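A.B. asks: When you get a sec, could you give me coordinates for this:
(chains A and B)
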There are 2 protein chains.
Amino acid sequence: MTQIKALFFDVFGTVVDWRTSVIRELSDFGAAHKLDADWTAIADQWRGLYQPSMEDVRSGQRPWMILDELHLESLQVLLKQHKLEGLTSEDIADLNRAWHRLDPWPDCVEGLTRLKEKLILSTLSNGNTSLLVSMAKRAGLPWDVILGAETAQAYKPLPQAYLRNMALLDLQPTECMMVAAHNDDLAAAAALGMRTAFVARPLEYGPHQHKDVEAEQDWDVITNSMIGLADALEC
Amino acid sequence: MTQIKALFFDVFGTVVDWRTSVIRELSDFGAAHKLDADWTAIADQWRGLYQPSMEDVRSGQRPWMILDELHLESLQVLLKQHKLEGLTSEDIADLNRAWHRLDPWPDCVEGLTRLKEKLILSTLSNGNTSLLVSMAKRAGLPWDVILGAETAQAYKPLPQAYLRNMALLDLQPTECMMVAAHNDDLAAAAALGMRTAFVARPLEYGPHQHKDVEAEQDWDVITNSMIGLADALEC
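C.D. replies: Sure thing, here's the model as predicted:
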């Protein structure tokens, strides 16, 4: 563990509570535009389209597209399904940027600030660069560097998403720890030789979450907050 | 000016005093390895090889290479010229990382910290990502995002170096200001529609500097420190 020089963070779910935030953004949008809908269901459906939309890019069926574009396509599908009409493209673009305005879990700013004293803190998110920068400015997330799918031109869990970003920092896998609330993200990182930290976020998908409630492998660190991670790494 | 959302900073010379720092690094290296040489001359010669080495990449004569690699090649040439022998490749690699250990001009941390309150602060340097991250950690430079030649795969002043990095932030040129101590960098940025700030660093090349001693065009901001820039932008 003393070899670790950089932490690579998954962001959606691990650092930010996307669900509560997106429900809030949708509800506020509905109130402002006098639209009524089951905003919680729409938030979950929007996230439900996330993996399938990236899979079309991962598989090579579609050319590279950033997450803002994929989110926008998914949103347009959902607005149509729910018969939410009469919106300008500017309204829809602003609503799409809900994903730029996600709140961190309460332990993150304190934990990351401690970790930053000793380690390089990088994002390694499927979110695009501008999304991650906007989010960090608004939420006060103290990243040293913003890396992710866009800087690798590949979506996790493809190996290139991890390898290209480690190369940008000129680090070997054993010098890097992937931090995520998702077992599959850590499995992909571990397969490349990265160290792994599982941060349990059992409410990421709401009160009835079934997946990723706990660590499914013997990850290098298993904790439930960024403060716990800072303790584990003696930061 | 109220449209500006992000500042893109040239780094070598504009934010950090590379010359004083590289002379110090070379002298310390010489002392540690019991080598004697005119370290000031070697620092200036090393920097002298900077533009020619990038020009081979810009022109397409050579494939893409990051600045750490170009710096290393130049260093090897100079060590040979100056008959500095008996060094391991590890010694030389560590000396090459002198460019990761540059000190900021005294106004930078205070000025950047003020600017960061209102604006996105990005590097836009010909330095590679890992160099810029190491430098920022050591010097306490509060960047929001690390962009540059490596994220664009193009060296300034090629248009792609500016355009690709603005695209990564999803910003239009009129929303971006290039901040540099070099008139040619600002001219390239202005030609693409970016706003411009000249920060005079008349000692960048030492006491006998002839180039870039002052602003050569009517840039949007002309100042001599990051504190002056913060004042001008009402941060």
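A.B. asks: Skipping adjacent residues, who's closest to the residue most central in space within chain A in space?
C.D. replies: In chain A, the residue lying closest to the centroid (CA atoms, centre = their mean) is A:Phe12, at 2.4 Å. Counting by CB to CB, 6 or more residues apart in numbering or on different chains, A:Phe12 lies nearest to A:Trp18, which is 4.9 Å off, once chain neighbours are set aside. Quick note: C-beta positions are derived from backbone N, CA and C, even for glycine.
A.B. asks: Is that neighbour in contact with A:Glu25, as I believe?
C.D. replies: No - using CB atoms under 8 Å, A:Trp18 makes no contact with A:Glu25, being 10.0 Å away.
A.B. asks: just the helices in chain A please.
C.D. replies: For chain A, the helices defined by DSSP state H occupy A:18-32, A:39-48, A:50-58, A:67-81, A:89-96, A:108-116, A:129-139, A:149-152, A:159-168, A:183-191, A:226-232.
A.B. asks: what's the most buried one of these?
C.D. replies: helix A:149-152 (a mean of 24; mean count of other CB atoms under 10 Å in any protein chain shown).
A.B. asks: Residues touching that one, excluding its own?
C.D. replies: A:66-67, A:125-129, A:155-156, A:160-165, A:168, B:151, B:168 (CB atoms under 8 Å, 6 or more residues apart in numbering or on different chains).
A.B. asks: contacting residues around the residue nearest to A:Phe12?
C.D. replies: With CB under 8 Å, 6+ apart, A:Trp18 has these contacts: A:12, A:47, A:99, A:102, A:204.
A.B. asks: and what of A:Thr196?
C.D. replies: By CB under 8 Å, 6+ apart, the neighbours of A:Thr196 are A:177-178, A:180, A:186, A:189-190, A:219-221.
A.B. asks: Format those residues as a markdown table; extra columns: pLDDT.
C.D. replies: Formatted as a markdown table, the contacts of A:Thr196 follow (pLDDT from 0 to 100):
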| residue | pLDDT |
| --- | --- |
| A:Met177 | 98 |
| A:Met178 | 98 |
| A:Ala180 | 98 |
| A:Leu186 | 98 |
| A:Ala189 | 98 |
| A:Ala190 | 98 |
| A:Trp219 | 98 |
| A:Asp220 | 98 |
| A:Val221 | 98 |
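A.B. asks: Go through those and name the one nearest chain B.
C.D. replies: Distances from the contacts of A:Thr196 to chain B were compared by CB to the nearest CB; the smallest belongs to A:Met177, at 15.9 Å.
A.B. asks: Verify the stated contact: that closest one with A:Met194.
C.D. replies: Yes - between A:Met177 and A:Met194 there is a contact under CB under 8 Å: 6.5 Å.
A.B. asks: Overlap of the contact sets of these two?
C.D. replies: A:Phe8.
A.B. asks: Can you tell me the closest non-neighbouring residue to A:Ala139?
C.D. replies: A:Pro104 (4.9 Å).
A.B. asks: Kindly give the local confidence score, pLDDT, for that neighbour.
C.D. replies: For A:Pro104, the model assigns a pLDDT of 98.
A.B. asks: Double-check it against A:Thr20; I have them as touching.
C.D. replies: No - between A:Pro104 and A:Thr20 there is no contact under CB under 8 Å: 11.0 Å.
A.B. asks: Can you pull the residues that touch both of the two?
C.D. replies: Joint contacts of A:Pro104 and A:Thr20 (CB under 8 Å, 6+ apart) do not exist.
A.B. asks: Quick check: phi and psi on the residue sitting furthest away from the middle of chain A?
C.D. replies: Note on chain A: the largest C-alpha distance from the chain mean falls to A:Gly86, namely 30.7 Å (CA atoms, centre = their mean). Dihedral pair for A:Gly86: phi 80, psi 20, per degrees, to the nearest 10.
A.B. asks: Quick check: residues of chain A near chain B?
C.D. replies: Residues of chain A lying close to chain B by CB under 8 Å from any CB of the partner chain are A:68, A:120, A:128-130, A:133, A:136-137, A:143-146, A:150-151, A:168-171.
A.B. asks: Please repeat the previous calculation with a cut-off of 7 Å.
C.D. replies: A:120, A:129-130, A:133, A:136-137, A:144-146, A:150-151, A:168-170 (CB under 7 Å from any CB of the partner chain).
A.B. asks: Quick check: the farthest pair among these?
C.D. replies: A:Lys137 and A:Asp170 (26.4 Å; CB to CB).
A.B. asks: Break chain A down into its structural domains.
C.D. replies: A:6-17+A:102-232, A:18-100 (automatic domain parsing).
A.B. asks: before we move on, back to that, and of the helices of chain A, who's closest to B:Ala230?
C.D. replies: Using CB to CB, the helices of chain A put helix A:129-139 closest to B:Ala230, at 16.9 Å.
A.B. asks: Tell me the helices and strands packed up against that closest one.
C.D. replies: strand A:145-148 (3 or more CB pairs under 7 Å, 6 or more residues apart in numbering or on different chains; DSSP states H and E).
A.B. asks: residues in contact with the strand it packs on?
C.D. replies: Outside strand A:145-148, the residues that touch it by CB atoms under 7 Å, 6 or more residues apart in numbering or on different chains are A:120, A:122-127, A:129, A:132-133, A:165, A:168, B:129, B:133, B:145-146.
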